[in-house]
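Trainee: What follows is a predicted structure for the sequence shown.
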Amino acid sequence: MTSAPHDVAALRKSYERDELDEAASAADPLQQFSTWFDQALKAELPEPNAMTLATVSADGRPSTRVVLVKGFDARGLVWYTNYLSRKGQELAAQPWAALQFHWVELERVVRIEGRVDKIADEESDAYYASRPLDSRLGAWASPQSQVIPSRSVLVTAAAQAAARHLLNPPRPPHWGGYRLQPDRWEFWQGRKSRLHDRLSYRLHEGAWLRERLAP
C-alpha cells in the first residue's frame, strides 16, 4: 500500500501579521535586529536564537546547518562549534559566510552576510566554562562531522572524558567561537499578496545604506 502523494504545490499561506517600512525601521541594522530579536523573545518562540549558517568549501560547494547565536553586538554575531568540523574547515578555507534567522510565527526573516574570524581564546574560555558539565564533556567526546561506526563511540568517549577531567574539563583546543562581522543585512517581513517588505542594509563608504528590495 502506498501513501497518497503530497500536493506540495497547493500549499499556501497569506502573510498579514505586520509590515516593515523605512519610517518605522532603524537607521542602523544592528539596532533593527536587536528590536526584532527582543520581539522574538517576548513572543516566546521556540529557540529564537537558532540561525542557519551557510559556508562554502574551497572548491565552491555550499553547505548549511543550524547553529545558535550566543551573542551579538557592534563587533558581530557569535556562535560556538568544533573548529575541525566541516563548517570549521570550510571557514578556514573561505572565511565568508551567511546567516539566516527565520521566525515563522512572526512571519519574519533576517539575512546577514560578512567575514568570519575566530574570537579571542579568553572569550571562548569564558563561554565554555558557563556551559553545563555534560555539554563541556560532549565537546571532548565528539569528533564532529567525522564518520563513526555507532553511537556507542560517543558514549564511550564521553565517559572517558568524564573520568579524565572529572568536574572541571578545560576547553578543548579544537573548540571555540566564531564571529561574523556583517557587511550586509536584510530584513524580510511577509505581506499579503506576496508583496513582501524587504529592507536591505549594506556598508557603503563606512556607513550603512538602507534600500528597499522588490519581493
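Mentor: Yes, it's here. Residues are numbered from 1 along each chain as shown.

Trainee: what stretches of this structure score poorly on pLDDT?
Mentor: Along the chain, the parts satisfying pLDDT under 70 run over 1-4.

Trainee: got the residue ranges for the helices in it?
Mentor: With DSSP state H, the ranges of helices along the chain come out as 29-42, 86-93, 121-130, 133-141, 151-165.

Trainee: Including mean neighbour count and distance to W188, could those go into CSV?
Mentor: Yep, even glycine has a C-beta here, placed from its N, CA and C like the rest. CSV is the format used below for the helices of the chain (neighbours: other Cβ atoms under 10 Å; distance: least, Cβ to Cβ, whole Å):
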stretch, mean neighbour count, distance to W188
helix 29-42, 16, 11
helix 86-93, 18, 24
helix 121-130, 14, 30
helix 133-141, 17, 32
helix 151-165, 13, 38
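
Trainee: Which one, of those, ends up nearest to D73?
Mentor: Closest approach to D73 among the helices of the chain (Cβ to Cβ): helix 29-42, 7.6 Å.

Trainee: Which neighbouring elements make contact with that closest one?
Mentor: strand 71-73, strand 96-103, strand 108-118, strand 175-189, strand 197-204 (3 or more Cβ pairs under 8 Å, 6 or more residues apart in numbering; DSSP states H and E).

Trainee: at 10 Å what do you get?
Mentor: Applying 3 or more Cβ pairs under 10 Å, 6 or more residues apart in numbering; DSSP states H and E, one finds that helix 29-42 contacts strand 71-73, strand 76-82, strand 96-103, strand 108-118, strand 175-189, strand 197-204, strand 207-212.

Trainee: got a list of contacts for it?
Mentor: 18, 20, 24-26, 28, 45, 47-49, 69, 72-77, 101, 103, 105-106, 108, 110, 112, 182, 184-187, 189, 199-203, 208, 210 (Cβ atoms under 10 Å, 6 or more residues apart in numbering).

Trainee: And stretch 148-164, by the same measure?
Mentor: 133-134, 136-143, 146, 169, 172.

Trainee: Closest one to Y83 out of those residues, please.
Mentor: P172 (9.1 Å).

Trainee: in terms of contact, does the closest one touch D125 like I think?
Mentor: No - assessed by Cβ atoms under 10 Å, P172 is found out of contact with D125, at 11.1 Å.

Trainee: mind putting the contacts of stretch 148-164 in TSV, distance to R12 included?
Mentor: Below are the contacts of stretch 148-164 laid out as TSV (distance: Cβ to Cβ, whole Å):
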residue	distance to R12
L133	47
D134	43
R136	46
L137	46
G138	41
A139	43
W140	47
A141	45
S142	41
P143	44
Q146	42
P169	50
P172	47
